[in-house]
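[1] coords please:
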Amino acid sequence: MTEARSNARSEPAPTEPVAFLKGHGTENDFVIVPDPDGLLDLSPAVVARLCDRRAGIGGDGLLRVVRSAAHPEAAAQAAEAEWFMDYRNGDGSVAEMCGNGVRVFARYLRRAGLAGAGDLAVATRAGVRRVHIAKDTEDGAPGDVTVRMGRAVLPGGEVTVGAAGRSWPALHVSMGNPHVVAFVDDLDEAGDLLRAPAVTPAAAYPTGTNVEFVVDRGPRHVALRVHERGSGETRSCGTGACAVMVAAARRDGLDPAVTGRPVTYTVDVPGGRLVISEGTDGEVEMTGPAVILAEGFIDPAWLAG
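    Predicted structure coming up:
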């Protein structure tokens, strides 16, 4: 993952309980910490403790909810997006983007009354992302969330991925964060994915990369497993699903910018299903569920460690 970076300012440890929520998008789960004024100093070590599944709350990552104007990395985006998703990986390191995280972030804003159904903008380290929150269903279930994920970039060059004693040719796809996509015959071929697969040339990914292994399920329908840098194997990866969709489309000879027709793939992840589309302008959209399942308070003494 990207190198962990500390906040520009250091705040004293909180003396009052700190509110948190727990949410997931296709079982890619997150600790959510509302911090609208950017007053919390969540060091990489604290984030890793919070994401610990035995000694902490547990999660693949952490979403800190901060007003863009209150965060030095997002202040320039404040005119476009009121809220900044300060995303951290489970090991405490900082990441540019998280597709499932954006959906869960938007669901939190809706739940907290900070956004309504419809369109909103979310600031991220990879730029502003446009989000649409569908209205709740007639039975009260939350509607899906669609995120305009930006354009995929395919830098080219030969890439090889190695895992479980095997290797495969792969494709480098950037969705604001790096991905390496390998098509395999069986998802079990990648092994347990507890450790990061070997990627060659390693020098092309100085901060590491996410790696997706992909199989076909049917026409414009694929399934994946993913090792997320800084988190290990996760149940889902939104940016990874987008990277996989673009890689599969190019493999299948489909490029909306060339054909003038948008293309949509269904992408199954271990935690559920996402629908990914690429428009003629190159913009990739991801649609899927986002769930808030719990909320509570963190003991400030524990947080101070």
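
[2] domain assignment for this structure?
    18-144+290-304, 159-288 (automatic domain parsing).

[3] so for the longest one, what's the average pLDDT?
    This means domain 18-144+290-304. Per-residue pLDDT over domain 18-144+290-304 has a mean of 95.

[4] burial count for the closest residue in space to residue 99 that isn't next to it in sequence?
    Spatial nearest neighbour of residue 99, chain neighbours left out: residue 238 (2.0 Å); criterion: Cβ to Cβ, 6 or more residues apart in numbering. For glycine as for every other residue, the C-beta is placed from the backbone atoms N, C-alpha and C. Neighbourhood size, residue 238 [other Cβ atoms under 10 Å]: 27.

[5] for residue 238, phi and psi?
    phi -70, psi -50 (degrees, to the nearest 10).

[6] now the one 4 residues further on
    When quoted as degrees, to the nearest 10, the phi and psi of residue 242 stand at phi -70, psi -40.

[7] how close does it sit to residue 91?
    23 Å (Cβ to Cβ, to the nearest Å).

[8] before we move on, what about residue 192?
    Distance from residue 192 to residue 91, by Cβ to Cβ: 18 Å.

[9] Please apply the same query to residue 188.
    26 Å.

[10] More neighbours: those two, which one.
    residue 91 (17 against 12).

[11] Who's the closest spatial neighbour of residue 32, skipping the chain neighbours?
    Per Cβ to Cβ, 6+ apart, closest to residue 32 is residue 21, 4.1 Å.

[12] Check which helix or strand that neighbour maps to.
    For residue 21, the host element (DSSP states H and E) is strand 18-25.

[13] What's the local residue count around the residue lying closest to residue 73 once chain neighbours are set aside?
    Nearest non-adjacent residue to residue 73, counting by Cβ to Cβ, 6+ apart: residue 125, 6.3 Å away. Neighbour count of residue 125, defined by other Cβ under 10 Å: 20.

[14] Now for residue 125: which residues touch it?
    73, 87, 94, 95, 96, 97, 176 (Cβ atoms under 8 Å, 6 or more residues apart in numbering).

[15] Show me the two of those residues that sit farthest apart.
    Greatest spatial distance among these (Cβ to Cβ): 73 and 176, at 14.0 Å.
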